[in-house]
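1. with the input below, show me the fold.
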Amino acid sequence: MQAGKLRHRIEIQHKVTPRDPVTLEFGEPEWQLFAKAWAQVTPLSARDLIAAQAAQSEATARMVIRYRSGVLPTMRIVYRDDLYSIEGPPLEDPESGRDYLTILVSKGVKDG
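-> Numbers count the residues shown, from 1 in each chain. Down below sits the predicted model:
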């Protein structure tokens, strides 16, 4: 992966449930920053979209970031003030598995 291709700034967020330190009651779940990363954001081509629909996937774009552990399908991504859901586990690069991650995303966020 060439660094010049990673020119889009994204935020990866995860949902947390805050807990009141006095009453120890749980509050409403909220999204918090997990990581900021430089990414290559590519909308899926018509051919990719047809293949994704055949596989029952709702993916609309592909985001490639440098390898980072802990990225889960339950997280979401903010890119240019738009929200994206992560569709399935991130895919590691085929050579070493530790250079970059490919994340398939769909626009909009599912609850959960």
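2. direction included, what does the strand or helix carrying F34 pair against?
-> Taking DSSP states H and E as the criterion, F34 maps to strand 30-43. Its sheet considered, strand 30-43 pairs with strand 8-16 (antiparallel), strand 61-66 (antiparallel) by DSSP bridges.
3. averaged pLDDT, that strand. What do you get?
-> In this model, strand 30-43 has a mean pLDDT of 96.
4. rewinding a little: for the strands paired with strand 30-43, which one sits closest to D81?
-> Of all the strands paired with strand 30-43, strand 8-16 sits nearest to D81, with 10.3 Å by Cβ to Cβ. (C-beta placed from N, C-alpha, C; glycine too.)
5. just the CA atoms of the closest one, as PDB, please.
-> Extracted in PDB, the C-alpha atoms of strand 8-16 (Å, rounded to 0.1, in the frame of the first residue of the first chain):
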ATOM      1  CA  HIS A   8      -9.000  10.500   3.100                       C
ATOM      2  CA  ARG A   9      -9.300  11.200   6.900                       C
ATOM      3  CA  ILE A  10     -11.800   8.900   8.600                       C
ATOM      4  CA  GLU A  11     -13.000   8.400  12.200                       C
ATOM      5  CA  ILE A  12     -13.700   4.900  13.500                       C
ATOM      6  CA  GLN A  13     -16.200   5.100  16.300                       C
ATOM      7  CA  HIS A  14     -17.500   2.400  18.800                       C
ATOM      8  CA  LYS A  15     -20.600   2.400  21.000                       C
ATOM      9  CA  VAL A  16     -20.100   2.600  24.700                       C
END
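6. wait, doesn't R9 sit right on W38?
-> Yes: contact criterion Cβ atoms under 8 Å: R9 and W38 qualify, at 6.2 Å.
7. P94 is nearest to which of the strands paired with strand 30-43?
-> strand 61-66 (12.9 Å).
8. name every strand pairing with the helix or strand following that closest one and say which way it goes.
-> Next helix or strand after strand 61-66 toward the C-terminus (DSSP H and E): strand 76-79. Sheet partners assigned to strand 76-79 using DSSP bridges are listed as strand 8-16 (antiparallel), strand 82-86 (antiparallel).
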